[in-house]
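>>> here is my input; please provide its structure:
(one chain, ligands or ions: 1)
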Amino acid sequence: LRASFTELSTYAGCPLKYRYLHVDGRQEPEVEPDWSHAPQGAVDLAPLRYDRLLGEAVHAALRRWQADVDRGTRARPDDLVRAVLEAARLVGLDPEESDRTWPALASGLRAYAVGPWPARHTIYLEHSAMHRIADANGHELQLHLRADRITSFDGGIAIIDFKTVPPHALQLRADTWQLRTYAIAAEELVGFRPHGIRLSLIDLRSNAETEIASGAAQLRLAHKQILAAWSGIAARRFSVARGHRDRPCWSCGFRLECRHSLATARPAVA
Ligand code: SF4
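Numbers count the residues shown, from 1 in each chain. This next block holds a predicted model:
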């Protein structure tokens, strides 16, 4: 089986959604989230499509800005903010029109630019690698991983995942699992065995960093989660009739047509 981490994470959240997307090949409809069923902390966030596009623009701008800094350009906050605005306008957004998102994001970007992270030695920017796992029967999972940035850190390495929306509890669980999977695959990601790994989630909207613990027990658990999702996909277990009670129907594009949806409220008509 070949899969990306996002696919495994989709399966772990809702096997049926995985089936719709990756077995049946359906497109996820653009449907407004059902905010009345959103987990605590998610309600204040901007609509998902806007977040996704802005997040992509921020990642693209940050990659270019960091590459310049790595080549010796001064880490200027104004350059980073300008690069994000330009990248956002290229995909049809004008972040400055959004009072809800832009002031906080612009100030978080400025704070990030003058903080310690940009100056750390970059090992890789937006780097992909294939992590191979074998099960007891000799089957192999090829897991496609993509890390936002990997730097030197304290004699070892740091693996960073940038967020442009503060993750709510369910999202944080998936992000934590993802970063721990990167730690498991560190040797394949960087090509050597690092002495120590720091895992950091950096929320660019508030320039807040969350360090994710990566002790042996936590990495074992992440590995077990990978195996559980993989075996479920391989055995074609897509039913949610029993279990998966916290599946994220509230933000699922299939929520109005899926007969197992837990969030069927129709979007308000403007
Ligand atoms: S609506 Fe809910 S049950 Fe249906 S596919 Fe989406 S997350 Fe899964």
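
>>> the helix or strand hosting T6 packs against which elements?
Assessed by DSSP states H and E, T6 sits inside helix 5-13. In terms of contacts (3 or more Cβ pairs under 8 Å, 6 or more residues apart in numbering; DSSP states H and E), helix 5-13 is packed against helix 15-18, strand 140-153, helix 169-184, helix 216-234. C-beta here means a position set from N, CA and C on the backbone, and glycine is covered the same way.

>>> how about those, which one is nearest the ligand?
Judged by Cβ to the nearest ligand atom, the one of these that comes nearest to the ligand is helix 15-18, at 3.8 Å.

>>> and the protein, which residues reach the ligand?
Taking Cβ under 6 Å from any ligand atom, the part of the chain that reaches the ligand is made up of 14, 16-17, 20, 240, 247-249, 252, 254-255, 258, 260-262.

>>> what separation do you get for G92 and R245?
From G92 over to R245 the distance is 38 Å, taken as Cβ to Cβ, to the nearest Å.

>>> gap between G25 and the ligand?
14 Å (Cβ to the nearest ligand atom, to the nearest Å).

>>> now swap in H139 and tell me
Relative to the ligand, H139 is positioned 26 Å away (Cβ to the nearest ligand atom).

>>> so who does that residue touch?
Going by Cβ atoms under 8 Å, 6 or more residues apart in numbering, H139 touches L1, A234.

>>> again with C249
Counting by Cβ under 8 Å, 6+ apart, C249 touches C14, D34, H37, R255, C258, H260, S261, L262, A263.

>>> could you rerun that using 10 Å?
Contacts for C249 (Cβ atoms under 10 Å, 6 or more residues apart in numbering) come out as 13-14, 16-17, 33-34, 37, 240, 255, 258, 260-264.

>>> just give me the least confident of these.
By pLDDT, H37 ranks lowest within these, coming in at 81.

>>> now that one: how far from R247?
11 Å.

>>> can you pull the residues that touch both of the two?
Taking Cβ under 10 Å, 6+ apart as the criterion, H37 and R247 both touch S261, L262, A263.

>>> just say helix, strand or coil for the first one.
For S261, the secondary-structure state derived from DSSP: H, G, I helix; E, B strand; the rest coil is coil.

>>> what about it, distance to R236?
Taken as Cβ to Cβ, the span from S261 to R236 is 21 Å.
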